[in-house]
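Enquirer: After the sequence you'll find the predicted model.
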Amino acid sequence: MLVLQRGAEAGRRWPLDRSRPLTIGRSTDCDIHLPDRQVSRVHARVTWRGDCYQIEDLGSKNGTHVNGQETQGPTMLQDGDELQIALRFKLAFVDAGATAPLTFDNANQGLRLDSETRQVWVNSVMLDPPLSLHQYRLLEGLWNSGGGVVTREQIVDAVWPEASGEGVSEQAIDALVRRLRERIAEIDKDFRYVVTVRGHGFRLENR
């Protein structure tokens, strides 16, 4: 069984069948559908081989990790192994007969994004009304950096792709960052998600 530990449906479980593979990916045709642009359409596959389940990355752009290590070819799964698909999703492998974990990786805390619907959740509460297009592009750019610093030039490219860098002022960027912070603070005012890195840009810090 696979149990989603981090993601929009944390706690959801998928049984495994030795007679057929289980696919993981962004495509709605996959057995485990993970709607995020960092996830490839058909990202990975879990199959029963010999006397164990194995996971195999299917040439995805961002790779498949088991217990923090990127897989290289089919990788045997053992009870309690943690699978990571892109930055957003973690799944636990639970062997038959074992007890599924009851704790999840901050399942109800922090920010979550759905890149297909452009919906944003803060502490499991959906932002309503939704973010403006520019606010969402800014948040998505920070999210996709995986906690790294995003420069002002990169923000311009992500938020205003049709504009040249000279066409967007620093004041416009600062105003957009301020509005995004205000929208997030409508739900969670006690945590600073968008952090200013002086002289460099901004980064996202999630709970």
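Expert: Cool, the structure landed.

Enquirer: if we look at the worst-scoring helix or strand of the chain on mean pLDDT, which residues are touching it?
Expert: Lowest on mean pLDDT, DSSP states H and E among the helices and strands of the chain sits strand 111-114, with a mean of 82. The contact list for strand 111-114, computed with C-beta atoms under 8 Å, 6 or more residues apart in numbering, reads 7-8, 35-36, 88, 119-122, 124, 139-140, 143, 184, 193, 204, 206-207. No exception for glycine: its C-beta is placed from N, CA and C like everyone else's.

Enquirer: can you do 7 Å?
Expert: 8, 35, 120, 121, 122, 139, 140, 143, 193, 206 (C-beta atoms under 7 Å, 6 or more residues apart in numbering).

Enquirer: mind listing what that strand pairs with, with the direction of each?
Expert: strand 119-122 (antiparallel) (DSSP bridges).

Enquirer: and the strand it pairs with, which residues are buried?
Expert: Of the residues in strand 119-122, 119, 120, 121, 122 count as buried by neighbour count, 16 or more other C-beta atoms under 10 Å.

Enquirer: residue ranges with poor pLDDT in the chain?
Expert: Scanning the chain with the threshold set as pLDDT under 70 gives 8, 96-109, 164-166.

Enquirer: thought residue 127 was touching residue 120?
Expert: Yes. In this structure, residue 127 is within contact of residue 120 by C-beta atoms under 7 Å, at 4.7 Å.

Enquirer: Which of the contacts of strand 111-114 fall within strands?
Expert: 120, 121, 122 (DSSP state E).

Enquirer: So what sits opposite the first one in the bridge?
Expert: Read it as residue 120. Applying DSSP bridges, one finds that residue 120 bridges with residue 113.

Enquirer: OK, contacts around it?
Expert: Contacts of residue 120 (C-beta under 7 Å, 6+ apart): 111, 113, 127, 131, 139.

Enquirer: Can you give the domain ranges for the protein?
Expert: 2-93, 111-204 (automatic domain parsing).

Enquirer: Out of the ones you listed, indicate the one that is most buried.
Expert: domain 2-93 (a mean of 17; mean count of other C-beta atoms under 10 Å).

Enquirer: For it, measure first residue to last.
Expert: Domain 2-93 has an end-to-end distance of 5 Å (C-alpha to C-alpha, to the nearest Å).

Enquirer: same deal with stretch 200-207?
Expert: 22 Å.

Enquirer: do stretch 125-136 as well
Expert: 16 Å.

Enquirer: any idea which helix or strand comes after the lengthiest helix in the chain?
Expert: Longest helix in the chain by number of residues (criterion: DSSP state H): helix 170-185. Downstream of helix 170-185, the next assigned helix or strand under DSSP states H and E is strand 194-197.

Enquirer: got the contact list for that following strand?
Expert: Outside strand 194-197, the residues that touch it by C-beta under 7 Å, 6+ apart are 142, 149, 177, 180, 181, 202, 203, 204, 205.
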